[in-house]
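1. sequence plus the predicted model coming up.
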Amino acid sequence: WVMEQQPGPVNWAPHNPAPLPGMVRLWTWEAVAHGAEVVSYFRWRQVPFGQEQMHAGLLGHDGRDAPGLKEAGEVAGELSAWGSLKQGRASVALVFDYASVWAWTVQPQGESFDYFALCFSAYRAFRRAGVSVDIVEPGASLDGYALVLAPGVFSLGDRARAAFDGAEGMVVYGPRCGAKSDEMSIALPLPAGLSGVDVWVSFVESLPGAAPVPVRGGGTVQHWAEAIETDDPVLMATEAGAPVLVGERNLYLSGWPDDALWDRIVAHLGEAVGLDIKTLPEGVRLREIPSHRFLFNYGAGSALWDGEEIPAAGVLIRPL
């Protein structure tokens, strides 16, 4: 469920511009396409008093229809016309762990290390390439996934290890995956419990913004870097020759890639496991489920996809 979907300008941000016309519809469809069973708009009617009196509603202060109400109604009508939408398993799973949020908030080892941002950077890279991604918890079944991403899962319990051991597809660990015991001590060996990779971390660095590490072929490592020793094949390395991406059956990523490096990694992984990598127009995101394909244009101008125009803040829905 999406409990508080924005229906117009809000009141709590540093700046509160109005969403582009169509964005309330786009956000609603994006949630539905990803499996939301409820989208609840906050709020129904804008209040003329109190702390949040400038937060938009589906109705205005005076009770008249606000722009978001029309767009919410459009989605309701479209959902009725399309009927049920069957969700399915994506090709890629991203393992996200709330315990790791707490652990790395306690011991970030650098002011720019943020576990959520690390996971989000991986998610964004695959979405830029038109690949749908499922978010799963450690220990969830990994059956059916061609690729599993596990960045920064601080400690691997028995369930998580068993799931990784039994994964049908390739698992990409790191950085900081398996770095701690469940009591926040350094894992020995470091990292611990990573199936299918041969890696030992000798030391780590947290990198200031002015000191990214260039990688051969393009892109940089930022925020976090690990010095690793390995007998696995080195697939990507820094310009100084330090391993960045290593492995064969499963892979280990020893640093936090910038967007350019992530795009290279996604292209490499896509070729390795047979993902359908796409070149999307700027600002366009794609989501596929067994029954439909959705394209969302987050850009301020129109975009073309497969000969069809998607207006700014527009949604293109096609059955598969």
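-> On my side now, so go ahead. Numbering: from 1, shown residues only.
2. show me what the longest strand belonging to the chain is packed against.
-> Ordering each strand of the chain by length in residues (DSSP state E) puts strand 220-230 first. Contacts defined by 3 or more C-beta pairs under 8 Å, 6 or more residues apart in numbering; DSSP states H and E place strand 220-230 against strand 199-206, strand 213-214, strand 243-247, strand 255-257, helix 259-273. C-beta coordinates here come from the backbone N, C-alpha and C atoms, glycine included.
3. please redo it, this time with the cut-off set to 7 Å
-> Judged by 3 or more C-beta pairs under 7 Å, 6 or more residues apart in numbering; DSSP states H and E, strand 220-230 is in contact with strand 199-206, strand 213-214, strand 243-247, strand 255-257.
4. tell me which of those strands is the most buried.
-> strand 255-257 (a mean of 29; mean count of other C-beta atoms under 10 Å).
5. for that strand, what is the average pLDDT?
-> Averaged over strand 255-257, pLDDT sits at 98.
6. in its sheet, what does that strand sit against?
-> Its sheet considered, strand 255-257 pairs with strand 220-230 (antiparallel) by DSSP bridges.
7. now render the helices and strands packed on strand 220-230 as CSV, adding distance to Asp114.
-> Below are the helices and strands packed on strand 220-230 laid out as CSV (distance: least, C-beta to C-beta, whole Å):
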stretch, distance to Asp114
strand 199-206, 11
strand 213-214, 18
strand 243-247, 20
strand 255-257, 10
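8. quick one: closest of the ones you listed to Gly83.
-> Judged by C-beta to C-beta, the one of the helices and strands packed on strand 220-230 that comes nearest to Gly83 is strand 255-257, at 40.6 Å.
9. for Trp256, give me its contacts.
-> Leu118, Pro175, Val221, Gln222, His223, Trp224 (C-beta atoms under 7 Å, 6 or more residues apart in numbering).
10. measure it to Ala122 for me?
-> To Ala122, Trp256 is 10 Å away according to C-beta to C-beta, to the nearest Å.
11. ok so, going back, and the angle for the longest strand of the chain with strand 243-247?
-> 60 degrees (axes from the mean of the first three to the mean of the last three C-alpha atoms, to 10 degrees).
12. what's in contact with the following helix or strand past strand 220-230?
-> Sequence-wise, the next helix or strand downstream of strand 220-230 (DSSP states H and E) is strand 234-237. The contact list for strand 234-237 (C-beta under 7 Å, 6+ apart) reads Val215, Arg216, Pro243, Val244, Leu245, Val246, His268.
13. again, but for stretch 48-66
-> With C-beta under 7 Å, 6+ apart as the criterion, stretch 48-66 contacts 7-11, 41, 43-47, 68-69, 72.
14. which residues of this protein fall in helices?
-> Using DSSP state H, the helices found in the chain span residues 23-33, 67-82, 98-106, 115-128, 158-165, 259-273.
15. end-to-end on stretch 32-44?
-> 20 Å (C-alpha to C-alpha, to the nearest Å).
16. give me the buried positions along that stretch.
-> Neighbour counts over stretch 32-44 (16 or more other C-beta atoms under 10 Å) mark Val32, Ala33, His34, Val39, Tyr41, Phe42, Arg43 as buried.
17. in strands only, show me those.
-> Per DSSP E, the subset of the buried residues of stretch 32-44 in strands is Val39, Tyr41.
18. nearest to Pro138 among the buried residues of stretch 32-44?
-> His34 (20.5 Å).
19. please name the residues that touch the closest residue to that closest one other than its chain neighbours.
-> Excluding the flanking residues, the one nearest His34 by C-beta to C-beta, 6 or more residues apart in numbering is Arg287, at 6.4 Å. Going by C-beta under 7 Å, 6+ apart, Arg287 touches Ala33, His34, Ser132, Phe294.
20. and the gap between the third one and Glu30?
-> When distances are taken as C-beta to C-beta, Ser132 and Glu30 turn out to be 12 Å apart.
21. and for the two, which residues touch both?
-> With contacts taken as C-beta under 7 Å, 6+ apart, Ser132 and Glu30 have no neighbour in common.
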